[in-house]
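Predicted model and sequence follow; I will ask about them next.
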Amino acid sequence: MSGDPLLRLQDITRNFGAIEALRGISFEVQRGEVLALLGDNGAGKSTLVKIISGGLKPTSGSLYFDGRERNFTSPADAKAEGIETVYQDLSLCTNVDVVANFFMGREIVKRYFGIPVLQEAEMEAAVTRAMSNAGTRIPSLRTNVEYLSGGQRQAIELNRFVHWGGKLVLLDEPFAALGVEQTRRGLEMIRRIADQGIGVIIITHIMAQAFQVADRIVVIRQGLVAGNVARAKTSPDEVVRMITGEAQLGTAQETRPNGPAA
Ligand SMILES: Nc1ncnc2c1ncn2[C@@H]1O[C@H](COP(=O)(O)OP(=O)(O)OP(=O)(O)O)[C@@H](O)[C@H]1O
Ligand SMILES: [Mg+2]
């Protein structure tokens, strides 16, 4: 990991009319780090993810990404800088195969006597490499995406993002529609993607998933950071207390951008 964080949020707020959905959020994501964002319904998690991915503007506060302050004006703007949001089967074209999806809009073409020819073998080899780097096997890269499972589609989307130089990936409840085995593979894939130096923010309601995959757990409660802890230094019980607000009664924890250091 290089010195400065990949993402730094500083006092982000967001109001919807009279509703203060976010009331001053600060934390950092390092390169290669998986951060799980937890919190009750309505805590502000999705609002925060939308701000990071350019879909919503903060009411106030600053967002630093990859060394500079940013004011993303649209998801396309954030995406061009290497921030991707993955929902289940969001952005794949189902009526073409895996290779075509991977290279959509960036096809490798060579001209023979002025006639453009798609370099299918070269593209297929690149996709094979990318998928195996991430430890994902798809039976055939020539299968139309419509026949692939939700988990396989997520795998394609994530690996495509890594292949094209993505830096931060945001996943909002990515496994809600997946079975146990697909979820397990999805979590493994997230780990491998992070191991390639990419930052990951995953929203989940399932404590076990957070503990399985995350390096750091950030709890949002009523629009504020109620806890920010290394996974190795906390427990599901403690995180539940942060989510419900009980932690404040007992230990009066102070929350700092990357604290508490305990
Ligand atoms: N477009 C909007 N207009 C008005 N209020 C909104 C809007 N989007 C979010 N909110 C409010 O902001 C608060 C935070 O919502 P958000 O969707 O971020 O919560 P969440 O933590 O993602 O919850 P969940 O776990 O249920 O997905 C809620 O009170 C919600 O009603
Ligand atoms: Mg949400």
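On my side now, so go ahead. Ligands and ions are numbered 1, 2, ... in the order given.

Which pLDDT value goes with the residue lying closest to Asp97 once chain neighbours are set aside?
Spatial nearest neighbour of Asp97, chain neighbours left out: Arg142 (4.9 Å); criterion: CB to CB, 6 or more residues apart in numbering. The way it works is simple: take the backbone N, C-alpha and C, and place the C-beta from them, glycine included. Here, the pLDDT recorded for Arg142 equals 87.

With Asn15 instead?
98.

right, quick check: the helix or strand harbouring it against ligand 1, any contact?
Under the criterion of DSSP states H and E, Asn15 resides in strand 7-16. Yes. Contact of strand 7-16 with ligand 1 is found when judged by CB under 6 Å from any ligand atom, involving Phe16.

who does that strand touch, helix- and strand-wise?
Contact partners of strand 7-16 among helices and strands, from 3 or more CB pairs under 8 Å, 6 or more residues apart in numbering; DSSP states H and E: strand 19-29, helix 45-52, strand 60-65.

Return the most buried member of those.
Each of the helices and strands packed on strand 7-16 was assessed for mean neighbour count using mean count of other CB atoms under 10 Å. The highest is helix 45-52, with a mean of 22.

Contacts for that helix, please.
The contact list for helix 45-52 (CB atoms under 8 Å, 6 or more residues apart in numbering) reads 7, 9, 12, 14, 21-22, 25, 37-39, 56-58, 63, 78, 83, 85, 168, 170, 172, 201, 203, 220.

ditto for stretch 93-113
By CB under 8 Å, 6+ apart, stretch 93-113 touches 92, 116-120, 122-124, 126-127, 130, 138, 140-146, 148, 156, 159-160, 163-164.

partners of the residue most central in space within the chain in the sheet?
Nearest to the mean C-alpha position of the chain, by CA atoms, centre = their mean, lies Leu170 at 2.0 Å. According to DSSP bridges, the residues that bridge with Leu170 are Thr85, Ile201.

So it sits against Ile83, correct?
Yes. Taking contacts as CB atoms under 8 Å, Leu170 lies within contact range of Ile83: 7.0 Å.

shared neighbours of these two, which are they?
Taking CB under 8 Å, 6+ apart as the criterion, Leu170 and Ile83 both touch 52-53.

all helices for the stretch 151-262 of the chain, in order.
Remark: helices assigned in the stretch 151-262 of the chain by DSSP state H, counting those that start in this stretch are 180-195, 207-213, 236-244, 246-251.

thinking again about what came up before, which of the contacts of helix 45-52 are buried?
7, 9, 12, 14, 21-22, 25, 37-39, 56, 58, 63, 78, 83, 85, 168, 170, 172, 201, 203, 220 (16 or more other CB atoms under 10 Å).

And Ile21, how close does it get to ligand 1?
Check again: residue 21 is Ala, not Ile. In this structure, Ala21 and ligand 1 are 3 Å apart, going by CB to the nearest ligand atom, to the nearest Å.

try Gly135
Distance, Gly135 to ligand 1, by CB to the nearest ligand atom: 29 Å.

got the residues of this structure near ligand 1?
Proximity of the chain to ligand 1 (CB under 6 Å from any ligand atom) is limited to residues 16, 19, 21, 39, 41-47.

how about those residues, which pair is most distant?
Spanning the widest gap among those are Phe16 and Gly39, at 16.9 Å by CB to CB.

Sort out for me which of the contacts of stretch 93-113 are in helices.
Among the contacts of stretch 93-113, the residues falling in helices (DSSP state H) are 120, 122-124, 126-127, 130, 156, 159-160, 163.

Among the residues you listed, name the buried ones.
Here, 16+ other CB under 10 Å leaves 123-124, 126-127, 130, 156, 159-160, 163 buried among the ones in helices among the contacts of stretch 93-113.

re earlier: just put the residues of the chain next to ligand 1 in CSV and tack on distance to Ala214.
Output for the residues of the chain next to ligand 1, formatted as CSV (distance: CB to CB, whole Å):
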residue, distance to Ala214
Phe16, 28
Ile19, 28
Ala21, 23
Gly39, 14
Asn41, 20
Gly42, 22
Ala43, 17
Gly44, 18
Lys45, 14
Ser46, 18
Thr47, 20
